[in-house]
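Asks: Got a predicted model here, sequence first, then my questions.
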Amino acid sequence: MATIDFDNVQKSYGEVHAIRDFTLHVEDGDFCVFVGPSGCGKSTALKMLAGLEATSAGSISIGGRDVTELGPGKRDIAMVFQNYALYPHMSVRSNIGFGLKMRGQDKADINRRVEAAAETLELTSYLDRRPRALSGGQRQRVALGRAIVREPSAFLMDEPLSNLDAKLRVQTRSEIVNLQKRLGVTTIYVTHDQVEALTMASKIVVMRGGVIQQIGSPDTLFAEPANIFVAGFIGSPGMNFFRGPVEIENGRAQTRFGEQVVPLSVSPDRLPRGEAIFGIRPEHLKIGGETGGTPVSLGLVESLGTEKILHFPTPEGQAIHSLQKVIGSDDAARDSTTMLARVIDDRRYSDGEHVRVALPEGKVHVFDPETQKALS
Amino acid sequence: MIDFSSPRHRAKFGYLLLAPAVLMMALIIIYPILLSVDISLQDVRIARVGGDREPWTLENYDWLVRSGEFWNAVWVTAKMVLTVGGISLAIGLATALLVNQKFRGRALARLFVALPWAVPEVVATVIWAWMLDSSFGVVNWALLKVGLIGAPIQFASNATAAFFAVCFVMIWKGYPLVSIMLLAGLQSIPEEQYQAARVDGANVWQRFLFITLPSLAPVIGVTAVMTTLWVFRDFAIIYVLTQGGPIGSTTTLSILTFEQSFSFFRMGQGAAVGVVTLVICAFISRALVGRFANSVH
C-alpha cells in the first residue's frame, strides 16, 4: 500500500513527445483511472510507472521511494496486461506463484498463498489446468490472481477488460472494484472507455496527446469539465456544443439557443466579447414543453425501452464545424450539426416529429472559443 | 452431371484433385522404399529391375548384425548426430538470441548468420577441404603461426581429426537453419510475457529459463529432429572431405550404404543398411516429435 507520485515526467521518442509535464499524486488506496482516446499516452505513462519504459525526464515515486532508476521487479508492483500475458506452458498454480518463486519464497509458503488467492477469485478447481483450457473470464481472474498473491504496494492494470465480451465486462468491472476496496491497494487502471472510468474510479486522469487534461473525481469531471475535450469525452453520449452570442442584459449574461434566451450563471466580466462556445449534456435538455425553448424536428430516435436518445439538428448558424477534431472520433454517432437529447419517459417519439427543446438555467457550460477552457 | 460445388459432393472433388499428387507420391516415394526392401531381401550383387529374381532370404541382415562395419557405422553416426546436433543447437540458439536483439546492423548480422546455409553443400565442402588441407591449408598454417600446434594436423589420415573436421563442416553448414528456425520461434513469443516476467521479478537468466526455453521447446524439438535426420542422410560433405575414411572413422550409415552398393557392388547388403537406417530414422523422429509436442500441451 502506497502513494504514487509522478513529478513532471516526460517521455519522448526522438522528436515525438509522447508524454509532457505529467505530474500526478495518487493517494494511498485510491482507484485511479487513466482515460483518453487511443494514442493519448495513457499506456506509456503506466509502463513508465511499471518500469517497462524509461522516462525521458522527471521522477516517479511509489510510497515515497524514488523508483525512477529501478527495474520493474524492484518496484513492488503487480501488473495485469490487456491480453493477460499468462505463461502458456505453466499451470494456473505456477502462473499465480511465479512472482513468489522468483523472489525465492519457500514452496510451502507459495502454495499456501496461491491457494488463498485462488480461493478469493474462485479459481480453486482450476489450479492444475493450463491457461489454454480456461475461458476468457477465468484467464482474466488468473491474471488478477498473479497480481494479488504478491501483496504489492500497487496494482497496475492495462485495459484488463477489453478482451472480454460486453456482459462479462460489466460483471468483472464490479468484481475488480470490490476486490480493490477489500484489499485497499492503490490501483492505477488504464482504459479508453470513459464508462469504465466513471464507474470504477475514485480519481480520473483524462489525457489527450500526452498531456493531462483534467484530474478529478467522476462527479467533478462530469459536472465541471475543465475544457471542451473533457466535456465531450466524459458522458455517454458526450456533451452537446453550440456557438452562441454573449449578451449582457441588466448586468446578467445570456445567450440564445434558437428562439430561446438562455440566462448564464457565469458573471459577465469573465465572458469573452461577441461569441462563446456553449455546452449542454444530453440528459439535461428539457424536451416536449408546451411553451418556451425552441422548436426542432427530430432526425432520429434511438429507443432503449424507457430511455431514448433523440437526434435533432443544431439551430441554424450555431453548429461548430471545427469541433470534430477537438473531441475526437469517439462519438461517431454524432456530427457537429447534430445534437442529442437523452430522455427517460413513457412518451413515444417518432422520426420527423416537431418538439420543443429547452435549456434549463444553470446546466449550460461556457467555454472560451480560443483556449477551449471552461469559464465559470 | 455431378455438381462438385454442392456440399454433398465437395469431398469427392477434393479427392479427385488430390489423386495426381497421391499417385506421384506413391511412385517416387513409396515405390523406391518397397524396391529397396525387396532388394535387401535378395542375395544379389547387381540388382536389375525386371530381371531374374533371387529367392527371398535374410542373409543380408544376417551379415549386417555380424559385421563390424555396420556396428562401426552405427557408432560413428550416433557420435556425429550428438556432436553436430548438440553444437548446432547451441550455436543456432545463441546466434538466434543475438540477432533477435535490436541493434544497429541487425539485418546484416542476420544475413551473415544465414550465409553458410545458402552456399551449396559441395561448394562449401570443397572450400573447407582446401582450408583443412595438411600441406597447403590455411587452418594448419594459422594454427602453426599462433603456435597452438607443432606439426600440421593430418586431417585426411588422423582418424580423430578427420571425424572432427567432418563435424565442423557439418556444423558450419547446419547451424544457420537451426538459427533461422529458432529465430522464428523467438519472434512468436509475445513481448508481454517478458514484461509480465520482469514485473514478477525474474532476472534475465530466469526469463530465459522460464519463458524463452519452454516457449521454444516445440521448435527446438522439430529442429533437433531435422538436424538429426540431416546428419543421418548427409552424404556430400563426408564423401567430398574424407570418402568415409580413414579406416572407417567417418563412415556413417549413408556412406556405408553407398559403399556397399556402388563401390563393392553388394546391392543386397547396401539396401539392408538403407532399410535399417530408414527404420531408425522413423523411430527417432516419432520419439522426438512426440516428446516435444507433448511438452507444450
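Replies: Done, it's in.

Asks: buried residues in stretch A:269-282?
Replies: By neighbour count with 16 or more other CB atoms under 10 Å in any protein chain shown, stretch A:269-282 contains the buried residues A:Leu271, A:Ala276, A:Ile277, A:Phe278, A:Gly279, A:Ile280, A:Arg281, A:Pro282. (C-beta placed from N, C-alpha, C; glycine too.)

Asks: Could you pull out the helices in the chain for me?
Replies: Just so you know, I chose chain A. A:42-50, A:92-102, A:107-120, A:136-148, A:166-183, A:194-200, A:218-223, A:228-233, A:323-327 (DSSP state H).

Asks: The intended chain is chain B.
Replies: B:10-25, B:31-40, B:59-66, B:68-100, B:106-118, B:121-131, B:138-146, B:159-187, B:191-199, B:204-207, B:213-233, B:236-241, B:253-258, B:267-296.

Asks: Quickly compare those and say which is most buried.
Replies: helix B:253-258 (a mean of 23; mean count of other CB atoms under 10 Å in any protein chain shown).

Asks: Go ahead and produce PDB holding the CA coordinates of that one.
Replies: Written as PDB, here are the backbone C-alpha positions of helix B:253-258 (Å, rounded to 0.1, in the frame of the first residue of the first chain):
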ATOM      1  CA  LEU B 253      25.200 -45.400 -42.300                       C
ATOM      2  CA  SER B 254      24.600 -43.400 -45.500                       C
ATOM      3  CA  ILE B 255      28.300 -43.700 -46.600                       C
ATOM      4  CA  LEU B 256      28.200 -47.400 -45.800                       C
ATOM      5  CA  THR B 257      25.000 -47.800 -47.900                       C
ATOM      6  CA  PHE B 258      26.700 -46.200 -50.900                       C
END
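
Asks: Residues in contact with that helix: which ones?
Replies: For helix B:253-258, the surrounding residues in contact (CB atoms under 8 Å, 6 or more residues apart in numbering or on different chains) are B:69-70, B:73-74, B:77, B:232-235, B:238-239, B:243-244, B:270-271, B:273-274, B:276-277, B:280.

Asks: Check stretch B:155-170 too.
Replies: Against stretch B:155-170 from outside (CB under 8 Å, 6+ apart): B:76, B:79-80, B:83-84, B:87-88, B:124-125, B:128, B:132-134, B:137, B:153-154, B:231, B:234, B:237-238, B:241-242, B:245-247, B:249-250.

Asks: I'd like the average pLDDT over that stretch.
Replies: Stretch B:155-170 shows a mean pLDDT of 85 in the predicted model.

Asks: A:Gly362: what's it in contact with?
Replies: A:Ser265.

Asks: Enumerate the residues of chain B near chain A.
Replies: Residues of chain B lying close to chain A by CB under 8 Å from any CB of the partner chain are B:190, B:192-193, B:195-203, B:206, B:210-211, B:214-215, B:217, B:295-297.

Asks: The residue of chain A positioned farthest from its centre and chain B: what is the separation?
Replies: Largest separation from the mean C-alpha position in chain A: A:Ala108, at 41.1 Å (CA atoms, centre = their mean). Computed as CB to the nearest CB, to the nearest Å, the A:Ala108 to chain B distance reads 20 Å.

Asks: okay, now the residue of the stretch 151-300 of chain A found nearest chain B: neighbour count?
Replies: Chain B sits closest to A:Leu156 of the stretch 151-300 of chain A, with a gap of 8.1 Å, by CB to the nearest CB. Per other CB atoms under 10 Å in any protein chain shown, the neighbour tally for A:Leu156 reads 26.

Asks: ok, back up a step: the residue farthest from the centre of chain A and B:Ala124, how far apart?
Replies: For A:Ala108, the distance to B:Ala124 (CB to CB, to the nearest Å) stands at 56 Å.

Asks: A:His89: neighbour count?
Replies: A:His89, neighbours per other CB under 10 Å, totals 20.

Asks: got it, and A:Glu290?
Replies: A:Glu290 has 6 nearby residues by other CB under 10 Å.

Asks: Kindly state the beta-bridge partners for the nearest residue to it once chain neighbours are set aside.
Replies: Setting aside the residues directly before and after it, A:Glu290 is nearest to A:Arg356 in space (CB to CB, 6 or more residues apart in numbering or on different chains), at 7.5 Å. With DSSP bridges as the criterion, A:Arg356 is bridged to A:Pro295.

Asks: pretty sure A:Arg356 is touching A:Pro295, no?
Replies: Yes: counting by CB atoms under 8 Å, A:Pro295 is a contact partner of A:Arg356 at 5.4 Å.

Asks: out of these two, which sits in the busier spot?
Replies: A direct count of neighbours by other CB under 10 Å for A:Arg356 and A:Pro295 places A:Arg356 higher, at 18 against 13.

Asks: do you know how far that one is from chain B?
Replies: Counting by CB to the nearest CB - A:Arg356 and chain B are separated by 54 Å.

Asks: Quick check on the residue of the stretch 1-150 of chain B found nearest chain A: phi, psi?
Replies: Chain A sits closest to B:Lys102 of the stretch 1-150 of chain B, with a gap of 13.6 Å, by CB to the nearest CB. Taking degrees, to the nearest 10, you get phi -90, psi 120 for the backbone angles of B:Lys102.

Asks: worst-scoring helix or strand of chain A, pLDDT-wise?
Replies: Sorting the helices and strands of chain A by mean pLDDT, DSSP states H and E puts helix A:323-327 at the bottom, at a mean of 59.

Asks: From chain B, how far out is A:Pro88?
Replies: Taking CB to the nearest CB, one finds A:Pro88 at 7 Å from chain B.

Asks: Can you tell me the closest non-neighbouring residue to that residue?
Replies: A:Pro131 (5.7 Å).

Asks: Now do the contacts for the one you found.
Replies: A:Tyr84, A:Leu86, A:Tyr87, A:Pro88, A:Met90, A:Val92, A:Asn95, A:Arg139, A:Val142.

Asks: tell me the contacts of B:Leu58?
Replies: Counting by CB under 8 Å, 6+ apart, the residues that B:Leu58 touches are B:Leu41.

Asks: A:Val211 reaches A:Arg20, doesn't it?
Replies: Yes: assessed by CB under 8 Å, A:Val211 is found in contact with A:Arg20 at 5.3 Å.

Asks: and the gap between the closest residue in space to A:Ile248 that isn't next to it in sequence and A:Val366?
Replies: Leaving aside its sequence neighbours, A:Ile248 sits nearest to A:Pro268 (CB to CB, 6+ apart; 5.0 Å). Look at A:Pro268 and A:Val366: by CB to CB, they are 11 Å apart.

Asks: Show me which of those two is the more surrounded one.
Replies: More crowded of A:Pro268 and A:Val366, by other CB under 10 Å: A:Val366, with 21 against 14.

Asks: Those residues of chain A touching chain B, which are they?
Replies: So chain A meets chain B at A:50-52, A:71-74, A:77-79, A:81-83, A:85-90, A:98-99, A:102-103, A:130, A:146, A:150 (CB under 8 Å from any CB).

Asks: Compute the number of surrounding residues for B:Leu148.
Replies: B:Leu148, neighbours per other CB under 10 Å, totals 9.

Asks: where's it relative to B:Ala142, distance?
Replies: 9 Å.

Asks: Same check on B:Cys167?
Replies: 19 Å.

Asks: just B:Ala165 next, same as before
Replies: Taken as CB to CB, the span from B:Ala165 to B:Ala142 is 15 Å.

Asks: same check, this time on B:Leu82
Replies: Taking CB to CB, one finds B:Leu82 at 28 Å from B:Ala142.

Asks: So which of the residues of chain A next to chain B belong to strands?
Replies: Using DSSP state E, A:Ile77, A:Ala78, A:Met79 are the members of these that sit in strands.

Asks: Redo those as CSV? Include neighbour count.
Replies: Compiled in CSV, those are given as follows (neighbours: other CB atoms under 10 Å in any protein chain shown):
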residue, neighbour count
A:Ile77, 25
A:Ala78, 25
A:Met79, 30
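
Asks: which of these lies closest to chain B?
Replies: A:Met79 (4.6 Å).
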